[in-house]
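Student: Structure for the following, please:
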Amino acid sequence: MTTTTLAVLVPLLPFLGAVTGLLLGRTAPGFVRPLAVLPTLASLVLAVTVAVRQGGDAAVDAATELTPTGSVPIELALHIDGFAALVATLVGLVATCVQIYSTGYLRDDPRYPSYAALVSLFTSAMFLVVYSGDLIVLLVGWEVMGICSYFLVGHYWETPEARAASIKAFLVTKLGDVPFLIGLLALATDAGSFRITEVLATVAHGGLDHPTLVALLLLAGVAGKSAQFPLHTWLPDAMAGPTPVSALIHAATMVAAGVYFVARLLPVFEASRAAMVVLAVMAAVTMAGSGLAALAQDDIKRVLAYSTIGQLGYMTGALAVGDRGAAVFHLLSHGAFKALLFLAAGVIIHAAGTNSLAAMSRTTGLRDRVPDAFWTMTVALLALAAIPPFSGFFSKETVLGAAEHVSTGHTGHAPAAAGWIVLVAGLLTAVLTAAYATRLWLLAFRGHGAEVPDHGRQPLTMTVVLWVLAIPSLALGGFAYRSLPDWFDGRDLAPTLTTSVLGTGLALAGGLAVYSAWRHTTALAARFPLGAVAAHPEGDAGLVEAEAIATHAPAYGDVASAPDPADPGRLLLGPLHRHAATGFHLDAVHTTVFVRPVQAAASLVRFLDREVVDTYVRGAGTLPRWLGAAVRRAQTGNVQTYVSALLAGTVVLVVAAVLVATGA
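Tutor: Modelled structure (predicted):
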């Protein structure tokens, strides 16, 4: 088969698996699991084959007109360069691991057939985004992922949290998709084509009339899809869905789509220096804010969700300094260890019977109960914290090195201001990332108290994939920066000495600070009983001495509801903790800025519809009804009455005729 044929089959096989799974889910349930795993696995094999054939050389292009439009044509087009080939391999790997893991995680779920089919459709849509060479076809995959995420996040629709999270995810991403669509149309109008190659050629020749406006419109959609400030609030709430869905969304689909789109069309954004600065500011705020928020979360999945937001900030930061190679390198590295983090978290949650880190910290023996999850999550957390030689170190340092290079004015692809913004925010985030990674590990695996309850052993399918993902989490970075520069525009991916020393030193400092705070708070918790140790009731004093806490705080009879006295994040953040725990109240801001005005507008429309429009409609029917009533009263059925009325009418007509004749 040709490379083009193989590439067409990559998104097609999961799509066919999804359709077949939906059709046979009830009539032939025994085929559901093979239909979930085998098409996705076959797509992974084909994606690897396409990557090997492409080899980082010239892009593979093919196109056929989808339909005549009379103006800008829409084509079924492929554009597979080194970026697309590698990202498709990542998507196939993570999706396959998620499908295999889900066969055990959701083995008793009655809605597993529809779940598996939606995961396959989700995977197919992301493949379509990655391989598409036409912006409209890319948009189709983009929107299919949005509706799949709505259904998958709301999989446990019986719970109000899942229903609210699915609606929120859908609406917030649509808020960005509207300007995104306008930007695509404006871009195609200037280029005269939706083909990505034609668009890039137009940009190269200075053919964009309003590059800043187009870039900012597109960034709105990217911010929604890739959960960047200020449209990131849907992602932590999306943790209400099944854990494998979280792994898929965070590692290889949905949130990766926005970063990949900017990387694909980076020259469009580089055409506007203002847009590059906006992208840098967005990345910086996202990185720093999500790091602080992650340090204050109690739900293990919400910690990882804010972690994803921050790591996506690194990727958009790399794009803001004009280095798409660094961005995609970190996307690949992050995809491996973030999928591992979520899937390991699923095993831990299953074993502990809770998502709460506070509850885990009050138990012991969890790491012995789930040794596979313990060791693989340790590897993933070290990769997340960018500790050498784990993969996250190499990819993150590539981003910092690119920012440092731009900040010194060594490149004209991006303004130096963007380089400084990304560099400073990236170094600060290095401290925060190591801090919340260390906190998660300590609270989950170094707890003190009762023995963790035995919730049974995890299926083999849930533990095997952890070790599969641990391999790239450990070795991908060291392999990629030496072997894959040709796949990334030929740019050197090796970490630079200055940023490596700074980044690693700051990461170690962040980890040690959390460890010291944990030792201090653990000692306090050991001296005083749980009922007398809690957070300050005002919520703005952080973790104070246990004597003061015992004086002011209420006793917590329910251990699960009590704040964790051994939480180092509470001590380190101090008064900032309660603000960080709520995501700095950005949901309240969105409610004020967007929700309430929309509700007020809806109330106004309802009033106008009922009291104004309906009044005219009712009035149009009232007059004929009155006339009908008058005529109906005249229809008495009495012949004498009819004759009398006829004679009276005749008299009136005669009198009127005489008067007219006399007047004449």
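
Student: The nearest residue to Leu423 once chain neighbours are set aside: helix or strand, and which one exactly?
Tutor: Leaving aside its sequence neighbours, Leu423 sits nearest to Ala403 (CB to CB, 6 or more residues apart in numbering; 4.0 Å). (Glycine included, C-beta is placed from N, CA and C.) Using DSSP states H and E, Ala403 sits in helix 391-407.

Student: which element follows the least confident helix or strand in the chain by mean pLDDT toward the C-terminus?
Tutor: Within the chain, no helix or strand scores below helix 546-552, which has a mean of 35 by mean pLDDT, DSSP states H and E. For helix 546-552, the following helix or strand on the C-terminal side (DSSP H and E) is helix 568-573.

Student: pull the CA atoms of the next helix or strand after that following helix into PDB?
Tutor: Proceeding N to C from helix 568-573, the next assigned helix or strand is helix 577-581, under DSSP H and E. The C-alpha trace of helix 577-581 is given here as PDB (Å, rounded to 0.1, in the frame of the first residue of the first chain):
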ATOM      1  CA  HIS A 577      -4.200  28.700  49.700                       C
ATOM      2  CA  ARG A 578      -8.000  29.300  49.800                       C
ATOM      3  CA  HIS A 579      -7.800  31.400  46.600                       C
ATOM      4  CA  ALA A 580      -5.600  28.800  44.800                       C
ATOM      5  CA  ALA A 581      -7.900  26.000  45.900                       C
END
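
Student: Distance check, the residue nearest the centre of the chain against Gly176.
Tutor: The centroid of the chain falls nearest to Val255 when counting by CA atoms, centre = their mean (4.2 Å). According to CB to CB, to the nearest Å, Val255 stands 12 Å off from Gly176.

Student: Overlap of the contact sets of those two?
Tutor: Residues touching both Val255 and Gly176 by CB atoms under 8 Å, 6 or more residues apart in numbering: Lys225.

Student: which residues sit in contact with the residue nearest to Leu423?
Tutor: Contact partners of Ala403, counting by CB under 8 Å, 6+ apart, are 317-318, 321, 419-420, 422-423, 426, 499.

Student: if we go to 10 Å?
Tutor: Ala403 is in contact with 280, 283, 314, 317-318, 320-321, 323, 326, 414, 418-427, 499, counting by CB atoms under 10 Å, 6 or more residues apart in numbering.

Student: Check what pLDDT it gets.
Tutor: At Ala403, the predicted lDDT confidence score is 94.

Student: separation between it and Thr496?
Tutor: In terms of CB to CB, Ala403 sits 10 Å off from Thr496.

Student: likewise Ala402?
Tutor: To Thr496, Ala402 is 9 Å away according to CB to CB.

Student: so where's this protein shaky on pLDDT?
Tutor: For the chain, the stretches with pLDDT under 70 are 410, 412, 454-456, 525-565, 664.

Student: what's the neighbour count on Val45?
Tutor: The number of residues packed around Val45, counting by other CB atoms under 10 Å, is 14.

Student: Enumerate every residue touching it.
Tutor: Applying CB under 10 Å, 6+ apart, one finds that Val45 lies in contact with 6, 10, 13, 92, 96.

Student: Tell me the gap between the helix or strand hosting it and the middle of its chain.
Tutor: Following DSSP H and E, the helix or strand that holds Val45 is helix 32-54. Centre-to-centre, helix 32-54 and its host chain are 24 Å apart (CA atoms, centre = their mean, to the nearest Å).

Student: Check stretch 343-352 too.
Tutor: Centre-to-centre, stretch 343-352 and its host chain are 21 Å apart (CA atoms, centre = their mean).

Student: got it, and stretch 339-346?
Tutor: 16 Å.

Student: same check, this time on stretch 643-663
Tutor: Distance of stretch 643-663 from its chain centroid, counting by CA atoms, centre = their mean, is 85 Å.

Student: list the contacts for Arg625?
Tutor: Arg625 makes contact with Arg618, according to CB under 10 Å, 6+ apart.

Student: ok, now how distant is it from Ala602?
Tutor: Taking CB to CB, one finds Arg625 at 32 Å from Ala602.

Student: do Thr89 as well
Tutor: Thr89 is 46 Å from Ala602, by CB to CB.

Student: again, but for Ala220
Tutor: For Ala220, the distance to Ala602 equals 23 Å [CB to CB].

Student: who's more crowded, these two?
Tutor: Neighbours were counted for Ala220 and for Ala602 using other CB under 10 Å; Ala220 has more, 18 against 10.

Student: Correct me if wrong: that one contacts Gly183.
Tutor: Yes - contact criterion CB atoms under 10 Å: Ala220 and Gly183 qualify, at 7.6 Å.

Student: how near is the residue nearest to Arg324 when sequence neighbours are not counted to Gln458?
Tutor: Nearest residue to Arg324 in three dimensions, chain neighbours excluded: Ala263, at 4.1 Å (CB to CB, 6+ apart). Noted for Ala263: a distance of 36 Å to Gln458, by CB to CB.

Student: Could you do Arg482 as well?
Tutor: 36 Å.

Student: Of those two, which one has the most company?
Tutor: Gln458 (21 against 11).

Student: pretty sure the more buried one contacts Val370?
Tutor: Yes - assessed by CB under 10 Å, Gln458 is found in contact with Val370 at 7.0 Å.

Student: residues shared between the contacts of the two?
Tutor: Residues touching both Gln458 and Val370 (CB under 10 Å, 6+ apart) are 347-348, 350-351, 466.

Student: show me where the stretch 401-550 of the chain has helices.
Tutor: For the stretch 401-550 of the chain, the helices defined by DSSP state H, counting those that start in this stretch cover 416-445, 460-483, 497-527, 546-552.

Student: With distance to Arg107 as new columns, can these be given to me in a markdown table?
Tutor: Below are the helices of the stretch 401-550 of the chain laid out as a markdown table (distance: least, CB to CB, whole Å):
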| stretch | distance to Arg107 |
| --- | --- |
| helix 416-445 | 24 |
| helix 460-483 | 9 |
| helix 497-527 | 36 |
| helix 546-552 | 44 |
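
Student: So which of those helices is the most surrounded?
Tutor: Neighbour counts (mean count of other CB atoms under 10 Å) averaged over each of the helices of the stretch 401-550 of the chain peak at helix 416-445, with a mean of 24.

Student: got the angle between that one and helix 497-527?
Tutor: With axes from the mean of the first three to the mean of the last three CA atoms, to 10 degrees defining the directions, helix 416-445 sits at 30 degrees from helix 497-527.

Student: so how far is helix 416-445 off the chain centroid?
Tutor: With CA atoms, centre = their mean, you get 20 Å for helix 416-445.

Student: switch to numbering from 45
Tutor: In the new count, where the first residue is 45, that last one comes out as helix 460-489.

Student: Taking helix 435-451 as reference, get the angle to it.
Tutor: 160 degrees.

Student: picking that back up, now for the helices of the stretch 445-594 of the chain, which one comes closest to Arg77?
Tutor: Ranking those by distance to Arg77, with CB to CB as the measure, places helix 504-527 first at 9.7 Å.

Student: helices and strands around that closest one, which ones?
Tutor: helix 126-149, helix 287-295, helix 368-396, helix 415-428, helix 435-451 (3 or more CB pairs under 10 Å, 6 or more residues apart in numbering; DSSP states H and E).

Student: how about those helices in a markdown table, adding distance to Ser210?
Tutor: As requested, the helices and strands packed on helix 504-527 are exported to a markdown table (distance: least, CB to CB, whole Å):
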| stretch | distance to Ser210 |
| --- | --- |
| helix 126-149 | 18 |
| helix 287-295 | 11 |
| helix 368-396 | 18 |
| helix 415-428 | 27 |
| helix 435-451 | 30 |
